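Q: here you go, sequence then predicted model.
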Amino acid sequence: MEANPTPNETFQRFGVLHRILHIIIIFNFTLLAITGFALHFSEFGWVRFLVSVMGGAAAAGWLHRFCAVFLYMGVLIHLFWLFYYKFVLKQKLSGPDSMLPGKKDIKDLYQNLRYAFNKGTPPLFDRYSYLQKYDYWAEMLGMQSMAVTGLILWFPDFFAGMLPGYFINIAGYLHLYEAVLAVMYIGVVHMADTHLVPDIFPMEKSIFTGKIDKKRFMEDHPEEWKRKQMINN
Amino acid sequence: MHMKMMKYIITCGALMIFMAAGTTALVFAAMPFDQKSKTADETPSLEALVCLDSHRMPNIHTNEGAIASQTFCYGCHSKSDIKKKEARADISLTVTPDTFQLNQPAHRFTACISCHTDIARSPHKTQTGATCRECHPVHSENMAHAPHLRVSCQACHFQSEFVRLDPEDLRVKLAHTDYDNVPISLSEHIFSDAANEKTCKKCHFKNNPAGAPAAVLPSKSALCIICHNSPLAMGHPVFGIAGLIFLAGMFSMIAFWFKGSVKGEETSVHRKISLSSESIWKTLFSRQLFSLMKIFILDILLQKRILKESVSRWSMHSLIFTAILLRFLVSLFTAIGFYFNPDGEWMMALNDKNHWFTAFFNDLLGLFILLGIIWAAVKRFIVKPKHVVSEYQDNIALIIIGCLVLAGFALEGARILVTGILPETAVYAFTGFAVSRFFSLFPLDWASVYPVLWYVHGVVAAVFVAYLPFGKMRHIFNTPLTYFIETVDGVKNKKRV
Amino acid sequence: MQTGTIRKKHNKPTGWFCTLLTAGYIFLAPALLLVSLADAAPATDSTWFVEMNQYSGAAHGSLRCEDCHGPMIESESGIKKPHPDPDDDAFLKSQTKRIFDYQSCRKCHKTAYSRFLKGAHAKAADKEKTTGSVSLTGYAPVCGDCHSAHYSKSHLSRVQTGRIMTQTCGTCHPDQKTSYLSNYHGKAAVNLGHDKSAFCTDCHGAHTTFSLKDNEAALNACLRCHPDATPEFANIIIHDTKKNIALKNDAKKTGLKWVHGVRAVIIFFVVLVLVFFYSHTGLLMLRKLHEKLRRHK
């Protein structure tokens, strides 16, 4: 997107749609995690209390499904937007601005690890760092697989007609462990990497406001900044 | 606007009242009321009365009920010829009111079925043995050195020489036979003097069948709280001496601080103390407390200043410091919690060295300390970067802590071998378990080696504590204090040397 | 604005009252929770003594002793069964549940009795009689092994019964109990008190207890709640454990292998990903913190 220098030197990083979709994800992901884990780890007294506050196992289950559908609507909207972006706006989906992983990401990862061991400088990221790309793809692909396994668990009678019975058991385990992975990844790595970075702490707001400071832009996305300067000049 | 406020408050109040009333009602609704007997109006039949003469459960929580229940049992058991026939001998099962009251004066008004909870039934054979823990909580290490959690109460508190390790649940119990497999009678119910060392020697002798170390070891000392849950006791005199040296060292250290001037006062120690205590109280009750808390969290707990110097130094130092700190906090929590709720689920878990959490937690943190020490040693002696100035004092500190942890793991390995706990239980103490597998290659009498290892670990621990106020480890007290004083102000020279 | 003083006057006691009530409510909430969680410890059955307080509140509380135990006193017309002699050695060794004549239950519980005779437990009892040996799980249960004649309460809710049932069945079938409780049916039913979920007897039958190794029988059980279930549906593994694998049919045996294999792979993958990213982010965070601290000299 275009660099619009404003008086307080901020730049537009995320559009309205992306911000709304991110809030939808936050809301639904949290509720899905709470309801899902409450149903699974139900042997503890306080979890029973939590579920009874939600209105019992059935209500918590329906809340879980509702959030799942709501979340998946977000995914669909995002996909529609991608089509719109590509075919109506005739924009490119590849290139340095895109979410597509490239060679540079692997180089960046290597350089970052070297940097962690004090063997060099940190890599210069483009619009999206490799970790942000990983976040995106892990989330997008993860949600597809969660959706598939979730549907299998939702309609076991239907899927048992097509798949062997034990696939439903496997789907259960996949759903559980992927949820554990997602929560432990998002809750620690994603949170730490966005909010706990010393220069950003306590909070990175650009996904909510859509704007990024000039300083942060230059430090976190130097390659993009360089490109933008070249276009402007 | 104020009306609005009033309305709001009144609504809130009304809501609260409703909530409180609802809660009260719910509480009352949840209370179990005695259901009315459906037979209340009918005349009781003769038969029921006759049956219930004997078969009504007496209320054993009253003296009358307890005596009634005892009388029921004495009906058979006070006969002198009541015996259990075993292959090699007949075991007397006689319990008379006289002998019982003489030998168990504390339990005079306790029903037999209060302790022998599952005996009043057919088949007339107990599954659980006599239960003490329904009334008595577990006691601390003061009395029984090291929590003898797998030893049943009777093994120590009853007068019988013979104990055995029950292979089924791996608990040490009073044996019903002597060591020649001749059945013995325990029906006399004689208490033993558990404080007597003879009682300990029932298990703690060479080649004992209970999986106990071959010598009676002292209890842990209060000093051990740095890493282990420990009682408020001195333990072996070595710890007492170590404690005294520690106190003397602390005193000389503080005296050294007061040698400098305090707020311009140069000579009078009395004035210096009063001036510095005044400024301490002033600081504690001022807003500076918050900056002190900030310093405490960032600089002391999280070691900000070391991170500033180097990441690897921080990682190395944190491995040692944080691990010891965590073990200290958990030990303190356990020690304090034990006095409030010794039978609580958490306390039982934290006291039990074999509980998966405690075993894993202690082993992991011990390993962290060891890794930190090894890292430091490698840096000092092998890599030798220029900025690391290796002082002999640092080396002493490293050696003491290293030996302490190594001896600890050796001790744990030996304990796993000696007590013979099952691999699936022991494996959570992963380092100790590996050590025990290694030890099992050597055909030593580990029950005799264990006490030696124990004393090695104990003496190193005593040296560690005694050495704290001297040498390198003084920084544990010095550095935080310096940080605090720096924060309050660098110039005031409250306690500056 | 002129009401300022008035408001202050009225506000104070109301505020205090509110605070007190709130505090009370906060203190009461956990108490309420505890009350709802606490269960009175039930008396253990089949001892020589009967807890009359609990007996009179239980389902059989209106019955007299002789209604079940038969007349034992000689003055009654004809002694059916004399009281066992306490001095007899055999008396102390006899097992109450094995010597009690459960025909007396049949007097009132005819249907349950006839159903019981059709079930697996009765068959096991027959086998026990003919072969004289006890099966691995212990004696074949009779009425008294599952039901406490003295203390069982009537009019319990489905969930209350179900929770007791899970314990009762679990004493002889512990692996099945564990696997049931790790299945969603058990979690919802027992842990969360969802009464539309299935308890043991909903699938295996209450008195006509049977194993569901046979797929058709299993399907019939499934169909009660899942009307669209297909024979393949009955192959979903409910008791997902490798213990007692001999009790499962072939489809489930192969299924279990796959399920546990895939599960191990997933766990490995999850741990791998997390270890990599945790150490990655942790190391970078330390480095960045270090540099930031360096910059702020």
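A: Now that the structure is in, tell me what you want to look at.
Q: could you check the pLDDT of residue C:14?
A: According to the prediction, residue C:14 has pLDDT 63.
Q: residues contacting residue B:307?
A: B:314, C:286, C:289-290, C:293 (Cβ atoms under 8 Å, 6 or more residues apart in numbering or on different chains). In short, each C-beta sits where N, CA and C put it, glycine included.
Q: separation between it and residue A:128?
A: Residue B:307 is 29 Å from residue A:128, where distance means Cβ to Cβ, to the nearest Å.
Q: report how many residues lie close to residue 71.
A: I'll assume chain A. With neighbours defined by other Cβ atoms under 10 Å in any protein chain shown, the count for residue A:71 comes to 20.
Q: oops, wrong one, chain C.
A: A count of neighbours around residue C:71, defined by other Cβ under 10 Å, yields 17.
Q: tell me how far it lies from chain A.
A: For residue C:71, the distance to chain A (Cβ to the nearest Cβ, to the nearest Å) stands at 48 Å.
Q: what does residue C:230 give?
A: Distance, residue C:230 to chain A, using Cβ to the nearest Cβ: 5 Å.
Q: OK, contacts around the residue nearest to that residue when sequence neighbours are not counted?
A: Excluding the flanking residues, the one nearest residue C:230 by Cβ to Cβ, 6 or more residues apart in numbering or on different chains is residue A:161, at 5.0 Å. Going by Cβ under 8 Å, 6+ apart, residue A:161 touches C:230, C:232-233.
Q: these in strands, which ones?
A: Among those, DSSP state E puts none in strands.
Q: only the buried members of those: can you turn that into a ChimeraX selection?
A: Buried members of the contacts of residue A:161, defined by 16 or more other Cβ atoms under 10 Å in any protein chain shown, are picked up in ChimeraX with:
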select /C:230,232,233
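Q: quick check, nearest of the contacts of residue A:161 to residue C:25?
A: residue C:233 (47.7 Å; Cβ to Cβ).
Q: low-confidence ranges, the chain, go.
A: Using chain A here. Chain A contains residues with pLDDT under 70 at A:1-8.
Q: was after chain C, sorry
A: Within chain C, the segments meeting pLDDT under 70 span C:1-15, C:18, C:27, C:29-45, C:73-80, C:297.
Q: could you list the domains of it?
A: Following automatic domain parsing, one gets these domains for chain C: C:59-145, C:153-248, C:263-297.
Q: quick check, residue C:241 in contact with residue C:180.
A: No - with contacts counted by Cβ atoms under 8 Å, residue C:241 stays clear of residue C:180, the gap being 9.6 Å.
Q: with neighbour numbers in mind, choose between these two.
A: Legend: neighbour count by other Cβ under 10 Å for residue C:241 and residue C:180, higher for residue C:180 (25 against 17).
Q: mind checking how far the more buried one is from residue C:115?
A: For residue C:180, the distance to residue C:115 - Cβ to Cβ - is 22 Å.
Q: ditto for residue A:210
A: With distances taken as Cβ to Cβ, residue A:210 is found 68 Å from residue C:115.
Q: next one: residue C:196
A: Distance from residue C:196 to residue C:115, counting by Cβ to Cβ: 24 Å.
Q: who's more crowded, the two?
A: Between residue C:196 and residue C:115, counting by other Cβ under 10 Å, residue C:115 is the more crowded of the two (16 against 11).
Q: just the element for that one, please.
A: For residue C:115, the element it lies in under DSSP states H and E is helix C:110-118.
Q: ok, now which ones touch whichever residue of chain C sits closest to chain A?
A: Nearest residue of chain C to chain A, counting by Cβ to the nearest Cβ: residue C:235, 2.5 Å away. By Cβ under 8 Å, 6+ apart, the contact set of residue C:235 is A:160, A:164-166, C:215, C:251-252, C:255.
Q: hang on, the earlier thing: and the helix holding residue C:115, how far from the chain's centre?
A: With Cα atoms, centre = their mean, to the nearest Å as the basis, helix C:110-118 stands 23 Å off its chain's centre.
Q: what's it packed up against?
A: Applying 3 or more Cβ pairs under 8 Å, 6 or more residues apart in numbering or on different chains; DSSP states H and E, we find helix C:110-118 packed against helix C:103-106.
Q: the helix it packs on packs against which elements?
A: Packed against helix C:103-106 by the contact rule (3+ Cβ pairs under 8 Å, 6+ apart) you find helix C:65-69, helix C:110-118.
Q: which parts of it are buried?
A: Within helix C:103-106, the residues scored as buried using 16+ other Cβ under 10 Å are residue C:105.
Q: what is the burial count for whichever residue of the stretch 101-250 of chain C sits closest to chain B?
A: Per Cβ to the nearest Cβ, residue C:153 is where the stretch 101-250 of chain C lies closest to chain B, at 9.3 Å. Neighbourhood size, residue C:153 [other Cβ under 10 Å]: 17.
Q: what about the longest helix along chain C, near chain B?
A: For chain C, the longest helix by residue count, based on DSSP state H, is helix C:250-295. Yes - on the criterion Cβ under 8 Å from any Cβ of the partner chain, helix C:250-295 is in touch with chain B at C:286-287, C:289-290, C:293-294.
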